[in-house]
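# Here is a sequence with its predicted model. Questions after.
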There are 6 protein chains.
Amino acid sequence: MFSITVRDHVMIAHSFRGEVFGPAQRLHGATYVVDARFTRPELDADNIVVDIGLATVQLHEVLDELNYRNLDDVPAFAGINTSTEYLAKHIADQLADRVHQGALGEGARGLAGIEVTLQESHVAWAGYTRSL
Amino acid sequence: MFSITVRDHVMIAHSFRGEVFGPAQRLHGATYVVDARFTRPELDADNIVVDIGLATVQLHEVLDELNYRNLDDVPAFAGINTSTEYLAKHIADQLADRVHQGALGEGARGLAGIEVTLQESHVAWAGYTRSL
Amino acid sequence: MFSITVRDHVMIAHSFRGEVFGPAQRLHGATYVVDARFTRPELDADNIVVDIGLATVQLHEVLDELNYRNLDDVPAFAGINTSTEYLAKHIADQLADRVHQGALGEGARGLAGIEVTLQESHVAWAGYTRSL
Amino acid sequence: MFSITVRDHVMIAHSFRGEVFGPAQRLHGATYVVDARFTRPELDADNIVVDIGLATVQLHEVLDELNYRNLDDVPAFAGINTSTEYLAKHIADQLADRVHQGALGEGARGLAGIEVTLQESHVAWAGYTRSL
Amino acid sequence: MFSITVRDHVMIAHSFRGEVFGPAQRLHGATYVVDARFTRPELDADNIVVDIGLATVQLHEVLDELNYRNLDDVPAFAGINTSTEYLAKHIADQLADRVHQGALGEGARGLAGIEVTLQESHVAWAGYTRSL
Amino acid sequence: MFSITVRDHVMIAHSFRGEVFGPAQRLHGATYVVDARFTRPELDADNIVVDIGLATVQLHEVLDELNYRNLDDVPAFAGINTSTEYLAKHIADQLADRVHQGALGEGARGLAGIEVTLQESHVAWAGYTRSL
């Protein structure tokens, strides 16, 4: 199995509901360093997994919808704890939609899966893996 | 599949038996930067994999039993080569016991697996993955 | 010149005023990975720059006053752009006060300077250096 | 499942053919930081996955055949786009051959798989995973 | 003294002349992860060292002139060993020119110095520091 | 001012004397990831700070005298707390001797200074800077 991964980041504010979150129930924020990994069993005609330039642009566009925002005010996240692991799935699903729409190129239709990892600090990160 | 990972470290002395280890047969030591990764297929009621605070505390407690010790003198490791890969399994198994005992919270009973990685330098690391 | 550095992190929300900040004028957030570096020309009687345990605890206490907060609501920062470089100075000054109060130990009175670096992402960081 | 990983690097020149590569169609170059990960279900008689010293030497030898070269002039790569993902497979296959030839020790015959990851920058990397 | 640093990268081919370079006399290549650090004694009216957005754009433009090129064919480098340390100075000087031309904003005229670091691998980097 | 830095590592056991060290008074160990930085005001005739190959070899030889050892048993360290900052100076001084003896090449006589940094974990490091 082959893979390529591209990295970008996003800076957001949010708060959590639930005692388990302790002081993170207060409005605070995070930088997420985001890695999007694309897998496929065989390389395409250009000998690549996916156009790394397109992958970088598409990841950036997906993150742009979150960047410099208070997620508590984003309608799509109303009533939802926007935990790191939840956001990993949100981003992976957005990327999957874009793959299916052809935004990562025709060759990207051969992709097998996506893994998104969000590093929230030097000591904690979360991820979500899905097939395509 | 979702995952969260927390990082801590431990500083130990030990020696190895066996020609394959060369100069590492002498008493020496290591800092292991330890990553504990917890996986589960669905998020819990709080929208998380596991309470990252509890995971951090439990990992720290497991490492505390090893920290600032000469492993050659620890009865549990008598006659055992405490290689990086062996220690990864030791720590993963200790964490699994704690999950089963409820120390990572009731929600943690939905965890599917644990992966522990020990970075022994900037050029070498070892890991162990198990189900729960 | 000798130095020791300890690392911790803090997760905050804030917003900026001024056109130069573009979309960062909106309420957003950041994880700052914080490095506090202490320098001195000669080691103390224990052959160290400063007790690394005390340095870690004091840095953590300074960060605790910021952690999981919206800096826009913190009275000490009223009307101030809490830029990464500004926060580096704020943290360095708080640490300097603690050195002068003896919180890092009597030996720490021999410290020459402090440098604080805040990494806001994998592609940007800021710092502040001062003498003691 | 157990694993150990060793890291080395290689510095090469090459160019790509195909519009998808944009300016990378020009002769340019890359440093690849290469991670070779070896997996096995049970440890060997020495309590290790594979001799980390031998693994390091064998990876270095495989990379030496590429290091400080223009891959466009290497006969084995004639007419081939030497993408990061392609090179990951090339290196993994070379290491697999060496495992089968006994170059990583008799114990290495118990290895289950190899994963090779090539980091081409701080924001992009590629990998290839295969069984043995 | 305050500082901010931004990171980008560039991928080039080149060769060296001189026995000291050994196999690096052959045409090969490198990824340089480039950190540009700007210093100043006091923050500007916006409470920053320099507009991090402008700094990022200007560094990217400077690197764009080198990116995906064989430096042996660039007229500006004719007869010059484009060592990592030499390139660090080249980039720092280009950035200094842009500061003096106002490309980093009027406030950037208060900058005191620039340091450019080029990481050529996980085990080697070079830098150049100059005043403005 | 120009600089180049090379990285290597060493794995040792040791113990400390003094209440300030707490549990580190017990025999334990550490991996130190060691960065040796060489500075000079002007590049040499080959357009470099120092031969990076020679610098790497010399650093490796200096570390080899410490590697896989219990520093408590090394006569040169008898009665000395081998703290991270102390070892940084020890290594810097050894490298300085080698520069003066010509082991880094004739051109290295133009070097201005050495900085050695020892990373003992992902959250703590120490350094020593000296002139030549």
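Received the coordinates, thanks. Numbering: from 1, shown residues only, chains lettered A, B, ... in the order given.
# Chain A: helices as residue ranges?
Listed in chain order, the helices of chain A (DSSP state H) span residues A:52-64, A:84-100.
# Nearest to E:Ile80 among those helices would be which one?
For E:Ile80, the closest of the helices of chain A is helix A:52-64, at 30.6 Å, according to Cβ to Cβ. Heads up, the C-betas are built off the backbone N, CA and C, glycines and all.
# elements contacting the closest one?
Packing contacts for helix A:52-64, counted by 3 or more Cβ pairs under 8 Å, 6 or more residues apart in numbering or on different chains; DSSP states H and E, involve strand A:2-14, strand A:28-40, helix A:84-100.
# Let's have these in TSV, adding distance to B:Gly53 and mean pLDDT.
As requested, the helices and strands packed on helix A:52-64 are exported to TSV (distance: least, Cβ to Cβ, whole Å; pLDDT from 0 to 100):
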stretch	distance to B:Gly53	mean pLDDT
strand A:2-14	17	98
strand A:28-40	14	98
helix A:84-100	13	98
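# Let me have the ones you listed in TSV, extended by distance to chain C.
Listed next are the helices and strands packed on helix A:52-64 as TSV, based on distance: least, Cβ to the nearest Cβ, whole Å:
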stretch	distance to chain C
strand A:2-14	4
strand A:28-40	1
helix A:84-100	11
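# near chain B, which residues of chain A?
Counting by Cβ under 8 Å from any Cβ of the partner chain, the residues of chain A lying close to chain B are A:18, A:20-22, A:80-81, A:83-86, A:88-89, A:122-129.
# Give the PyMOL command for selecting the buried subset of the residues you listed.
With 16 or more other Cβ atoms under 10 Å in any protein chain shown as the burial test, the buried ones among these are selected in PyMOL as follows:
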select buried, chain A and resi 20+21+81+83+84+85+86+88+89+122+123+124+125+126+127+128+129
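# Please flag which of the residues of chain A next to chain B sit within strands.
Secondary structure defined by DSSP state E assigns A:Ala124, A:Trp125, A:Ala126, A:Gly127, A:Tyr128, A:Thr129 of those to strands.
# ok, which pair from those residues is furthest apart?
Greatest spatial distance in these: A:Ala124 and A:Thr129, 17.9 Å, computed using Cβ to Cβ.
# any idea which of the ones in strands among the residues of chain A next to chain B is the one closest to chain C?
Using Cβ to the nearest Cβ, the shortest approach to chain C within these belongs to A:Ala124, at 8.9 Å.
# Any figure for the gap between the closest one and B:Gly102?
In this structure, A:Ala124 and B:Gly102 are 22 Å apart, going by Cβ to Cβ, to the nearest Å.
# With adjacent residues omitted, what lies nearest to the most centrally placed residue in chain A?
If you average the C-alpha coordinates of chain A and look for the closest C-alpha using Cα atoms, centre = their mean, you land on A:Ile91, 3.2 Å from that point. Ranked by Cβ to Cβ, 6 or more residues apart in numbering or on different chains and with sequence neighbours excluded, the top spatial neighbour of A:Ile91 is A:Val116, at 4.8 Å.
# A:Asp8 contacts A:Val62, correct?
No. Counting by Cβ atoms under 8 Å, A:Asp8 does not reach A:Val62; the two are 9.0 Å apart.
# Skipping its backbone neighbours, what lies nearest the residue of chain A found nearest chain F in space?
When distances are taken as Cβ to the nearest Cβ, chain A approaches chain F most closely through A:His122, which lies 6.4 Å from it. Excluding its sequence neighbours, the residue lying closest to A:His122 (Cβ to Cβ, 6+ apart) is C:Val33, at 5.0 Å.
# now A:Arg26
Nearest residue to A:Arg26, sequence neighbours excluded (Cβ to Cβ, 6+ apart): C:Tyr68, at 5.0 Å.
# cool, A:Arg98 as well?
Nearest residue to A:Arg98, sequence neighbours excluded (Cβ to Cβ, 6+ apart): A:Gln58, at 5.1 Å.
# what's the distance between the one you found and A:Asp35?
According to Cβ to Cβ, A:Gln58 stands 14 Å off from A:Asp35.
# cool, A:Leu104 as well?
Relative to A:Asp35, A:Leu104 is positioned 16 Å away (criterion: Cβ to Cβ).
# go on, A:Glu115?
A:Glu115 sits 8 Å away from A:Asp35, taking Cβ to Cβ as the criterion.
# More neighbours: the two, which one.
Neighbour tally, A:Glu115 and A:Asp35, criterion other Cβ atoms under 10 Å in any protein chain shown: the higher count belongs to A:Asp35, 22 against 19.
# Confirm for me that that one is in contact with A:Ala126.
No. Counting by Cβ under 8 Å, A:Asp35 sits too far from A:Ala126 to count as a contact (11.3 Å).
# shared neighbours, the two?
A:Thr117 (Cβ atoms under 8 Å, 6 or more residues apart in numbering or on different chains).
# thought the residue nearest to A:Arg98 was touching A:Leu104?
Yes. In this structure, A:Gln58 is within contact of A:Leu104 by Cβ under 8 Å, at 5.8 Å.
# Mutual contacts of these two, please.
A shared contact of A:Gln58 and A:Leu104, defined by Cβ under 8 Å, 6+ apart, is any residue touching both; here these are A:Arg98.
# list the contacts for the residue nearest to A:Ile91?
For A:Val116, the contacting residues are A:Val34, A:Asp35, A:Ala36, A:Arg37, A:Ala88, A:Lys89, A:Ile91, A:Ala92, A:Leu95, A:Gly127, A:Tyr128, by Cβ under 8 Å, 6+ apart.
# how much space between the nearest residue to A:Val62 once chain neighbours are set aside and A:Val34?
The shortest distance from A:Val62 to any residue other than its chain neighbours is 4.5 Å, reached at A:Gln94 (Cβ to Cβ, 6+ apart). Using Cβ to Cβ, A:Gln94 is found at 11 Å from A:Val34.
# what does A:Ile80 give?
A:Ile80 is 19 Å from A:Val34, where distance means Cβ to Cβ.
# for A:Arg98, same thing?
A:Arg98 sits 15 Å away from A:Val34 when distances are taken as Cβ to Cβ.
# quick one: which of these two has more around it?
Counting neighbours by other Cβ under 10 Å for A:Arg98 and for A:Val34 shows that A:Val34 has the greater number, 23 against 19.
# what bridges to the more buried one?
The residues paired with A:Val34 through beta bridges, assigned by DSSP bridges, are A:Asp8, A:Leu118.
# list the contacts for it?
Each residue near A:Val34 by Cβ under 8 Å, 6+ apart is listed here: A:Arg7, A:Asp8, A:His9, A:Val10, A:Leu59, A:Leu63, A:Ile91, A:Val116, A:Thr117, A:Leu118, A:Gln119.
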